[in-house]
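> Kindly generate the corresponding structure for this input.
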Amino acid sequence: MKYVLIALESEMPEEVWNSFDNSDYTLVFTGVGKVNAAYAATRTALQPDCEAIINYGTAGTLSSGLVGKLHRVGTIYQRDMDARPQAPLGTVPFEEGAYSGTLNYTSKWTDTVSLSTGDNFVMSPPELMSDLVDMEAYAIAKVCAVEDVSFTCWKYASDFADENANDDWQSNVSNGATEFVRCLQN
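Numbers count the residues shown, from 1 in each chain. Coordinates of the predicted model:
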């Protein structure tokens, strides 16, 4: 079974989800933020039938050319892990190896963007830069990496991460759902 993890029901309207044969997929709403996402991802990854986890949701962007489009994510940073001087920005201190900071999928896919995850709604450029910003993907990706579960991440750039981000996100929160469902069908 492939599990699709999405933070909020508003990002995937029921009529869109039910518009295709989704019998190979189980939809899981995680709630907002890294803690909720990590909990849901762990419970999901430990299911005996879990062969893959797909994360879909909205994201802010710092590049106007990305707004209003669906993107496959290739590199994920943990934007709000700041333990300097013990570790560089975005890196977990005292944790060695592949799970300490950046999770990179660019060797598997072409045409990808970078994303940074943090428990804050971005309305101005963060110190750790990326193409997109969200609040869940890093946690889900790390659980998948640790549990050796196949992972894919798709994000719809719903807003330009600026002073209008909240209003733009609310207006566009479900706009990428249909395009994402088309990707699942293919």
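
> mind listing the strands for this protein?
2-6, 25-29, 52-61, 70-78, 103-104, 113-117, 132-134, 150-160 (DSSP state E).

> most packed of those strands?
strand 132-134 (a mean of 28; mean count of other C-beta atoms under 10 Å). For every residue, glycine as well, the C-beta is placed using N, CA and C.

> who does that strand touch, helix- and strand-wise?
Here strand 132-134 touches strand 52-61, strand 113-117, strand 150-160, going by 3 or more C-beta pairs under 8 Å, 6 or more residues apart in numbering; DSSP states H and E.

> Need those in CSV (columns: mean pLDDT and distance to residue 179).
Shown next, in CSV, are these (pLDDT from 0 to 100; distance: least, C-beta to C-beta, whole Å):
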stretch, mean pLDDT, distance to residue 179
strand 52-61, 98, 10
strand 113-117, 95, 15
strand 150-160, 96, 7
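
> Output the lowest mean pLDDT helix or strand found in this structure.
Every helix and strand of the chain was ranked by mean pLDDT, DSSP states H and E. The lowest is strand 103-104, at a mean of 82.

> Which residues outside that strand are in contact with it?
The contact list for strand 103-104, computed with C-beta atoms under 8 Å, 6 or more residues apart in numbering, reads 74, 75, 76, 138, 141, 142, 145.
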